[in-house]
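Q: Output the structure for:
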Amino acid sequence: MKDAGTVKVKRAYRKTSETQKIIFDKAMALMSEKGFQGTTVREICSDANIPIGTFYNCYKSKVDILKSIYEAGDKYIHDAVEYEFKGKTALEKLHIFAYHYAQLNVRTGIEVMRVLFYPNNEWFAGTRPMQLSMQLIIDEGKASGEIRKELDTAEIVDYVFDIFRGVCYNWCIYDGSFDLAKRIESHISILCEALKA
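A: Predicted structure coming up:
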């Protein structure tokens with residue numbers, strides 16, 4: 001019989017929000033330092049002091065960690081703008097959307113944002129709920145005669161997200177030295193003038 005003092009107690013790891021947060025925080029810290037591609041699951045697990053199996057109980061891959069950021073971002077934007085959009089014109093909605101997009105990135109934090117700007121980030125290339133929401137705003141503006149109809153909706157959505165991502169990228173490069181919401185607002189104001197019917 002083993003001495004009670006020498007028995008190792010195995011810690012039970014489950015897919016809990018606490019375990020996911022530990023993994024997420026360690027992954028973001030490592031990715032901020034080494035980049036997305038330079039960080040391995042093994043390193044994340046070592047820093048989080050968890051078995052590799054626990055990682056895979058919580059996330060399918062390290063890409064899945066980034067997916068969780070985007071899903072949370074889409075939910076934040078949806079929840080933040082849903083109430084504020086009521087009774088607003090399409091161009092007013094563009095400004096509201098831009099403000100909340102900036103707030104989302106500030107909340108996400110500059111270190112995590114830097115991780116997201118890696119070359120093969122599939123979520124920058126894909127169509128997500130955010131882009132679909134923007135498409136609805138543009139189509140609504142065209143239908144009401146507020147936005148020029150000869151402009152292609154998909155191209156306008158691309159312009160908007162080029163602005164958002166470009167300003168956020170510069171915000172990361174310059175260590176958050178400017179007010180992200182103000183910078184995005186000034187760019188969206190210029191775009192809105194160009195879009196007006």
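Q: how about low-confidence regions in this structure?
A: Residues of the chain that meet the criterion pLDDT under 70 lie in 1-15.
Q: So which residues of it form helices?
A: 17-34, 41-48, 52-58, 62-84, 90-108, 110-116, 122-125, 129-143, 153-173, 180-195 (DSSP state H).
Q: and stretch 75-91, C-alpha only, in CSV?
A: In CSV, the C-alpha atoms belonging to stretch 75-91 read as follows (Å, rounded to 0.1, in the frame of the first residue of the first chain):
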residue,chain,number,x,y,z
LYS,A,75,-21.8,38.3,-31.4
TYR,A,76,-20.6,41.6,-29.9
ILE,A,77,-21.3,43.6,-33.0
HIS,A,78,-24.7,42.0,-33.5
ASP,A,79,-25.7,42.6,-29.9
ALA,A,80,-24.2,46.1,-29.8
VAL,A,81,-25.9,47.5,-32.9
GLU,A,82,-29.2,45.7,-32.9
TYR,A,83,-30.9,48.1,-30.6
GLU,A,84,-29.0,51.2,-31.8
PHE,A,85,-30.0,50.6,-35.5
LYS,A,86,-33.7,51.1,-34.8
GLY,A,87,-35.0,54.1,-36.7
LYS,A,88,-31.7,55.0,-38.2
THR,A,89,-30.8,55.6,-41.8
ALA,A,90,-28.3,53.4,-43.6
LEU,A,91,-25.5,55.9,-43.4
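Q: Let me see the contact set for the residue positioned nearest the centre of the chain.
A: In the chain, the C-alpha nearest the mean C-alpha coordinate belongs to residue 70, at 4.2 Å (Cα atoms, centre = their mean). Contacts for residue 70 (Cβ atoms under 8 Å, 6 or more residues apart in numbering) come out as 123, 128. C-betas here are computed from N, CA, C, even on glycine.
Q: Report the separation between it and residue 189.
A: 27 Å (Cβ to Cβ, to the nearest Å).
Q: Repeat that for residue 105.
A: 18 Å.
Q: Neighbour count: those two, which is higher?
A: residue 105 (24 against 13; other Cβ atoms under 10 Å).
Q: The nearest residue to that one once chain neighbours are set aside: how many residues sit nearby?
A: Using Cβ to Cβ, 6 or more residues apart in numbering and skipping the chain neighbours, the partner closest in space to residue 105 is residue 168 (5.2 Å). Neighbourhood size, residue 168 [other Cβ under 10 Å]: 23.
Q: Thanks a lot, see you next time.
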